[in-house]
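J.: A structural model of the following input is requested.
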Amino acid sequence: MAMDTPMSVSGPEVEFLKNVVVSKVAPSFITEHPEFIYPCVYDMSVLDFYVPILSQYQLDNALPSAFSDFIRNVKDSLSKVLSLYYPMAGKWVVAEDLNIRKLLCSDEGPVFVEATVDDEMDKYFDFADDLKPPTELFGEFAIPGFNVEDSHKMPLNKEWPSLIIQGTGFKCGGVALVVAYNHMLVDGFGFDRFLKAWSEIAATGHTSIKPIFDRSSLPSLFDRAQMHGLSTDMKNVDDVLSNMFRSFPSSRGNPNITYRSVSKLFDIKPDAVERMRQKAKEGHASENLELPERFTNFECISTQIWRCFSRLPSGHEHMTINDKVFLNFPVEGRKRMCNPPLTEDFAGNMCLMVTPPAMTGPELCEKSYAFAACKVHETILSLNVETAAVIFNEQQKAMDRWTSTTDEHLQKTQSEKTDSCPMGLQTGLSSWIRFVNFYSMDFGFGIPFRVTPCFLHTLPEFPLIVLLPPRPQSADVASLLLRLSPKMSELLLQDPEFLDLVS
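T.: Presented below is the predicted three-dimensional model:
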């Protein structure tokens with residue numbers, strides 16, 4: 001059961017929060033399970049990295065009792081699902097060997113913060129102009145020395161909880177539930193399955209999900225130590241972590257960097273995607289393309305975004321038309337990367353970042369839309385059992401390039417102009433369209449009216465796009481969340497092809 005331990009908090013970091021209570025929600029019953037889980041090499045690609053997911057609810061009444069009932073239902077169902085997902089009730093700790101980290105399955109439960117705000121919820125979430133929710137809503141202040149935005153910063157106790165949860169009630173009856181999960185345990189697909197189990201248990205007390213945490217058939221960091229330059233005596237471990245795995249420079253982690261960005265949310269309509277799908281059938285005769293029977297929604301949207309970004313260098317003062325534009329996106333590999341394939345219930349990281357051939361803006365735009373769509377399609381199909389190791393190595397090399405150039409580029413461009421766009425040619429695109437369970441989380445007060453990740457201001461300083469599942473009752477194909485420098489945002493909103501995508 002959940003044990004509530006009140007905590008006295010004060011200071012500027014939590015000044016607008018009231019009635020703060022910090023507890024840990026333990027599993028409702030303890031199952032037999034391993035004491036430790038050791039990460040596979042794919043888990044290490046997101047070392048110490050957290051993904052906060054914001055779910056917004058509107059309760060029927062704004063009385064404190066309604067918020068209390070909501071929190072009680074969240075905790076009760078959470079304690080039950082944690083008995084099944086026992087690693088979520090544990091914490092990552094430092095391993096004194098080449099595993100670097102290990103997950104201690106302690107059953108102590110995740111940190112759970114509940115608080116209230118004497119203000120309207122809309123004041124803290126601006127989806128139209130710039131989404132930057134205050135980190136006071138992420139629960140990080142409850143863990144000494146912890147910073148959910150900065151994977152470079154080690155907590156004082158050298159422990160990283162698998163989950164951090166905060167439920168905040170507003171005077172309007174709105175509730176912001178932020179669930180920040182440690183990416184080393186699961187990828188987005190695996191977390192969506194966790195939410196499915198949680199929502200089924202909240203509704204019926206039971207779930208059809210049977211999570212699998214065993215990583216013994218997957219390559220470990222021990223297997224790849226030489227490739228990453230790790231010495232068996234561990235003397236160079238800090239350098240390797242900094243150069244290879246902690247590859248995401250953070251403006252919050254570096255006080256000398258004041259990178260500016262804006263995050264905006266758009267909706268994508270079915271007719272916009274169909275226009276692109278039709279465009280892919282046109283103008284390709286001279287290019288001898290082999291078109292698939294039907295391009296997916298992701299392929300249509302990502303192709304349009306790639307073409308839009310390829311035109312940005314011509315209008316940006318820190319780029320030239322000779323700069324190549326990289327489009328990087330993850331491909332889920334449970335069935336692609338293993339033989340025999342893993343099941344959908346594998347709870348771990350099985351995504352690899354792939355990149356279509358990098359081209360300059362003129363090179364890509366002189367080709368047809370169908371050409372770019374085929375390159376995206378072929379890149380997705382390229383991930384299989386035979387190519388997984390090669391693609392993983394290329395992913396690590398790309399991350400190393402970003403690490404070695406981003407800080408230098410940031411400092412240079414920041415000194416010239418704070419509105420610049422560091423790493424503007426490296427574009428990240430992640431699709432969460434299939435994660436429909438984000439909108440199934442009903443704790444007896446209805447499903448959330450909006451769900452969105454809040455890591456857009458925690459990731460590397462390069463353009464990032466996340467495709468989200470459409471909001472309930474909407475006819476949209478997806479929502480599109482952008483994180484860009486102000487200059488890139490201005491240029492993109494002048495691009496007719498981008499406007500055709502989001503209008």
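J.: And the strands in the stretch 351-500 of the chain?
T.: Here the stretch 351-500 of the chain has its strands, by DSSP state E, counting those that start in this stretch, at 351-354, 359-360, 426-431, 450-453, 464-468, 478-484.
J.: now the stretch 1-150 of the chain
T.: Using DSSP E, counting those that start in this stretch, the strands found in the stretch 1-150 of the chain span residues 2-6, 18-25, 36-37, 50-58, 91-94, 101-104, 111-117.
J.: Of all those strands, which one is nearest residue 446?
T.: Closest approach to residue 446 among the strands of the stretch 1-150 of the chain (C-beta to C-beta): strand 50-58, 6.9 Å. For the C-beta atoms, the positions are set from N, CA and C on the backbone; glycine is no exception.
J.: in its sheet, what does that closest one sit against?
T.: Strand pairing for strand 50-58, using DSSP bridges, gives strand 174-182 (antiparallel), strand 450-453 (antiparallel).
J.: so can I have a markdown table of these showing mean pLDDT and distance to residue 40?
T.: Below are those laid out as a markdown table (pLDDT from 0 to 100; distance: least, C-beta to C-beta, whole Å):
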| stretch | mean pLDDT | distance to residue 40 |
| --- | --- | --- |
| strand 174-182 | 95 | 15 |
| strand 450-453 | 91 | 24 |
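J.: Highest mean neighbour count out of those?
T.: Most buried of the strands paired with strand 50-58, by mean neighbour count (mean count of other C-beta atoms under 10 Å): strand 174-182, with a mean of 24.
J.: Buried ones in the helix or strand that that one is followed by, by neighbour count?
T.: Toward the C-terminus, strand 174-182 is succeeded by helix 188-204 as the next helix or strand (DSSP states H and E). Neighbour counts over helix 188-204 (16 or more other C-beta atoms under 10 Å) mark 188-202 as buried.
J.: How about stretch 69-88?
T.: For stretch 69-88, the neighbour count (16+ other C-beta under 10 Å) marks 70-71, 74-88 as buried.
J.: what does stretch 432-445 give?
T.: 432, 433, 435, 437, 438, 439, 440, 441, 443, 445.
J.: And these, which two are furthest apart?
T.: Pairwise distances across the buried residues of stretch 432-445 peak at 25.8 Å for 433 and 445 (criterion: C-beta to C-beta).
J.: Helix or strand: which one has residue 330?
T.: Using DSSP H and E, residue 330 sits within strand 324-332.
J.: what about the helices in the stretch 201-350 of the chain?
T.: Using DSSP state H, counting those that start in this stretch, the helices of the stretch 201-350 of the chain run over 221-224, 237-240, 270-279, 297-310.
J.: Mean neighbour count and distance to residue 139 for those - can I get that in JSON lines?
T.: Output for the helices of the stretch 201-350 of the chain, formatted as JSON lines (neighbours: other C-beta atoms under 10 Å; distance: least, C-beta to C-beta, whole Å):
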{"stretch": "helix 221-224", "mean neighbour count": "17", "distance to residue 139": "29"}
{"stretch": "helix 237-240", "mean neighbour count": "14", "distance to residue 139": "28"}
{"stretch": "helix 270-279", "mean neighbour count": "16", "distance to residue 139": "37"}
{"stretch": "helix 297-310", "mean neighbour count": "23", "distance to residue 139": "32"}
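J.: what's the least confident stretch among these?
T.: With a mean of 66, helix 237-240 has the lowest mean pLDDT of the helices of the stretch 201-350 of the chain.
J.: quick one on the thing from earlier: from the buried residues of helix 188-204, which single one is nearest residue 141?
T.: Using C-beta to C-beta, residue 191 is the member of those that lies nearest residue 141, at 23.1 Å.
J.: Adjacent strands (with direction) for the strand holding residue 330?
T.: Strand 324-332 sits in its sheet next to strand 351-354 (antiparallel), strand 359-360 (antiparallel), strand 426-431 (parallel), going by DSSP bridges.
J.: Let me see the residues that make contact with it.
T.: 187, 189, 302, 305-306, 309-310, 312-313, 350-356, 358-361, 364, 376, 380, 383, 398, 425-431 (C-beta atoms under 8 Å, 6 or more residues apart in numbering).
J.: quick one: it to chain centroid distance?
T.: 15 Å (C-alpha atoms, centre = their mean, to the nearest Å).
J.: what mean pLDDT would you report for it?
T.: For strand 324-332, mean pLDDT is 90.
J.: Name the residues of that strand that are buried.
T.: Neighbour-count burial for strand 324-332 flags 325, 326, 327, 328, 329, 330, 331, 332 (criterion: 16+ other C-beta under 10 Å).
J.: what about residue 93, distance to residue 109?
T.: Counting by C-beta to C-beta, to the nearest Å, the gap from residue 93 to residue 109 is 16 Å.
J.: Name the residue in the two with the higher neighbour count.
T.: Using other C-beta atoms under 10 Å, the more surrounded residue of residue 93 and residue 109 is residue 109, with 25 against 16.
J.: returning to what we had before: columns distance to residue 58 on top of the strands paired with strand 50-58, output as JSON lines?
T.: Formatted as JSON lines, those follow (distance: least, C-beta to C-beta, whole Å):
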{"stretch": "strand 174-182", "distance to residue 58": "6"}
{"stretch": "strand 450-453", "distance to residue 58": "10"}
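J.: Looking at those strands, spot the one closest to residue 159.
T.: Of the strands paired with strand 50-58, the one closest to residue 159 (C-beta to C-beta) turns out to be strand 174-182, at 10.8 Å.
J.: wait, doesn't residue 348 sit right on residue 188?
T.: No. Residue 348 lies out of contact with residue 188 (C-beta atoms under 8 Å); the separation is 11.9 Å.
J.: Bridge partners for the residue nearest to the spatial centre of the chain, pull those for me.
T.: The centroid of the chain falls nearest to residue 51 when counting by C-alpha atoms, centre = their mean (5.0 Å). Per DSSP bridges, the residues bridged to residue 51 are residue 181.
J.: wait, isn't it in contact with residue 180?
T.: Yes. Counting by C-beta under 8 Å, residue 51 does reach residue 180; the two are 6.6 Å apart.
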